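Participant: sequence unknown, structure follows:
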């Protein structure tokens, strides 16, 4: 099966611009998660979709971040306007909707650089 | 609140020697614990998990982890390290969430360096 796919792999934008990250989960995975890792720091949770619904968005840093998952398939994460501290690697993950024992499957991430 | 801690930022091991990457956890209820590895410019890859049962769980690439309830630890081990094992390792605990699909909460990561 195809893995979790993220696009783009890299993005360099200027402060104040807008960037949209995309994640295609593994087919059939209802759980979709967004995480980010700022250089040298731990992986921080951003939010969790179950199908098209936001189940947990407690990790979203502020209202400059907007995540959507229309139709319960792929998801987008928009940062508008971007700030310098938004630089980092954004990971998407998906898993089956069948219990805490199911591992999350991660994409390769999008490396975002805000200059 | 659920949390995990990895006390070592870096672990250095000689090739062929055993390796241990440490992880301790703090949870309410039964822990669902995971180890992931990240190679450069790649995503996190699942190595192994503990849900219940035997305290020693085996995973990918010859790795295993020992669950110790009294010490609240879940250390990652390998009997004989390879240079290709050099990577970033993350311990994680599964949060309780909707339909048991809660987020993973990660430790800060441990950089493993295996020298020839």
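Facilitator: Yes, it's here. For clarity, every value in this text was computed on a predicted model and none was experimentally measured.
Participant: residue B:62: neighbour count?
Facilitator: Residues lying near residue B:62 (other CB atoms under 10 Å in any protein chain shown) number 13. C-betas here are computed from N, CA, C, even on glycine.
Participant: ditto for residue A:97
Facilitator: If we define neighbours as other CB under 10 Å, then residue A:97 has 15 of them.
Participant: for whichever strand or helix holds residue A:33, packing partners?
Facilitator: Applying DSSP states H and E as the criterion places residue A:33 in strand A:31-37. Helices and strands touching strand A:31-37, by 3 or more CB pairs under 8 Å, 6 or more residues apart in numbering or on different chains; DSSP states H and E, are strand A:43-50, strand A:75-79, strand A:88-95.
Participant: mind redoing it with 7 Å?
Facilitator: strand A:43-50, strand A:88-95 (3 or more CB pairs under 7 Å, 6 or more residues apart in numbering or on different chains; DSSP states H and E).
Participant: most packed of these?
Facilitator: With neighbours defined as mean count of other CB atoms under 10 Å in any protein chain shown, those peak in mean count at strand A:88-95, which reaches a mean of 24.
Participant: what's the following helix or strand after that strand?
Facilitator: Heading towards the C-terminus - elements assigned by DSSP H and E - strand A:88-95 is followed by strand A:105-106.
Participant: for that following strand, which outside residues touch it?
Facilitator: Outside strand A:105-106, the residues that touch it by CB atoms under 7 Å, 6 or more residues apart in numbering or on different chains are A:3, A:4, A:26, A:91, A:93, A:94, A:95, B:43, B:44.
Participant: distance from the chain centre to it, please.
Facilitator: 11 Å (CA atoms, centre = their mean, to the nearest Å).
Participant: residues from chain A in reach of chain B?
Facilitator: Those residues of chain A that sit near chain B, judged by CB under 7 Å from any CB of the partner chain, are A:31, A:33, A:42-43, A:45, A:48, A:50, A:55-56, A:91, A:95, A:97, A:99-101, A:103-104, A:106-109.
Participant: center of chain A, which residue is that?
Facilitator: Nearest residue to the geometric centre of chain A (CA atoms, centre = their mean): residue A:34, 3.2 Å.
Participant: and the gap between the residue lying closest to that one once chain neighbours are set aside and residue B:54?
Facilitator: Spatial nearest neighbour of residue A:34, excluding adjacent residues (CB to CB, 6 or more residues apart in numbering or on different chains): residue A:46 at 4.1 Å. Plainly put, residue A:46 is 34 Å away from residue B:54 if you go by CB to CB, to the nearest Å.
Participant: mean pLDDT per helix and strand in chain B: which one sits at the bottom?
Facilitator: strand B:104-106 (a mean of 92; mean pLDDT, DSSP states H and E).
Participant: strands paired with that one, and their directions?
Facilitator: Strand B:104-106 has its sheet partners listed here by DSSP bridges as strand B:87-94 (antiparallel).
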